[in-house]
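Q: Could you work out the structure for the sequence below:
(one chain, ligands or ions: 1)
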Amino acid sequence: MATLLKHSAKYALSGRLARLGVHSRHGGLQCLQPRLLPHQRSASTSSKILVEMDDSTGIAVLTMKNPPVNSLSLDFLTEFSISLEKLELDRGCRGVILTSALPKIFSAGLDIMEMYGKSPEHCGEFWKAVQEMWLRLYGSSMITIAAINGSSPAGGCLMALACDYRIMAENPKYSIGLNETQLGIVAPFWFKDTLVNTVGNRAAELSLQLGLLYSAPDALRTGLVDLLVPEDKVLSTASQTMTQWLAIPGENAIGSNPRVSSS
Ligand SMILES: CCCCCCC/C=C/C(=O)SCCNC(=O)CCNC(=O)[C@H](O)C(C)(C)COP(=O)(O)OP(=O)(O)OC[C@H]1O[C@@H](n2cnc3c(N)ncnc32)[C@H](O)[C@@H]1OP(=O)(O)O
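A: Predicted structure coming up:
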């Protein structure tokens, strides 16, 4: 199922990219992004996302800045997917660190106001944008690391789960989890599958049925995150970890991932 999910994500994206007339880095095709000389840094910003690319390392930091809580509104999700697509098409970019500009919050998950009193058409568009975000992150051919510098319930947790590695601030006040059940919502199957792939069946059952939000130490114990570090070290540790992953020869860090590998 994990392999199927990842392949579905990649397939859906490759179809979309093909319609745009562009190709992925691994398809050996054209790069539409302007190339910077080595050691140059570039920054691009939309109103809700800041992307800082370091061409000397191939690492981009994608910072969410949608106050007050980085809720995933339609506008935010659209900007997010466009930013990630641009990085995906940039051959110089090999790794993306996802983090938040807001104190204490990584992301509050789906913007509740997008789901309340809206037309079926709007809800359809919104839901498509949620899926697109997940497809882009989970199906990315770059290494993705979530630098979780605050609380991350529900859809915020899904974003982190869609990354290859999760580093969280060790502040016990911060929580993370798929708590949809507590909100009277059933988490969609692909939320569930992404959690199962990370923490295993039994932990996922308990987590989803009870709608658990884990403190940072409990999230580490349960395997929801991979590493806890002091709050002021989250981003630097993510950069160091990314450098280690990118030092793995060829594309083996991606190729050896059971989410991708069919063997
Ligand atoms: C179309 C089909 C849909 C199926 C959906 C299935 C899956 C659903 C996934 C989801 O992600 S649903 C959303 C779940 N998220 C939450 O329930 C998070 C709720 N928020 C919190 O727990 C807390 O706000 C926080 C993130 C821990 C932050 O706490 P803090 O004390 O720092 O701030 P608050 O005072 O609570 O909030 C500030 C401000 O932000 C507004 N807000 C908070 N969360 C959301 C949100 N998810 N969407 C929109 N707005 C949000 C909150 O109302 C406050 O607004 P104001 O009162 O200041 O106007």
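Q: neighbours around whichever residue of the stretch 1-150 of the chain sits closest to the ligand, how many?
A: Of all residues in the stretch 1-150 of the chain, the one sitting closest to the ligand is Gly109 (2.7 Å; C-beta to the nearest ligand atom). For every residue, glycine as well, the C-beta is placed using N, CA and C. For Gly109, the neighbour count with other C-beta atoms under 10 Å is 24.
Q: again, but for the one 5 residues further on
A: Look at Glu114: counted by other C-beta under 10 Å, it has 21 neighbours.
Q: List the contacts of the nearest residue to it once chain neighbours are set aside.
A: With C-beta to C-beta, 6 or more residues apart in numbering as the measure, Phe126 is the residue that lies nearest to Glu114, at 4.8 Å, once sequence neighbours are left out. Counting by C-beta atoms under 8 Å, 6 or more residues apart in numbering, Phe126 touches 74, 77, 114-115, 118.
Q: Mind telling me what element Phe126 is part of?
A: helix 120-138 (DSSP states H and E).
Q: try Cys157
A: With the criterion set as DSSP H and E, the secondary-structure element containing Cys157 is helix 155-161.
Q: Tell me the helix or strand right after that helix.
A: Past helix 155-161, heading to the C-terminal end, the next element that is a helix or strand (DSSP H and E) is strand 165-169.
Q: So what's the predicted local confidence for the residue nearest to the spatial centre of the chain?
A: For the chain, the residue lying nearest the average C-alpha position, counting by C-alpha atoms, centre = their mean, turns out to be Met159 (4.0 Å). Each residue has a pLDDT score; the one for Met159 is 98.
Q: how near is it to Arg41?
A: Relative to Arg41, Met159 is positioned 25 Å away (criterion: C-beta to C-beta, to the nearest Å).
Q: Glu121 too?
A: When Glu121 is compared with Arg41 (using C-beta to C-beta), they lie 41 Å apart.
Q: Give me the more crowded residue out of the two.
A: A direct count of neighbours by other C-beta under 10 Å for Glu121 and Arg41 places Arg41 higher, at 11 against 8.
Q: What residues are recorded as beta-bridge partners of that one?
A: When bridges are assigned using DSSP bridges, the partners listed for Arg41 are Asp54.
Q: cool, and Ser175?
A: Applying DSSP bridges to Ser175 yields these beta-bridge partners: Ser215.
Q: Hmm, Gly150 is touching Tyr174, no?
A: Yes - applying C-beta atoms under 8 Å, one finds Gly150 in contact with Tyr174, separated by 5.6 Å.
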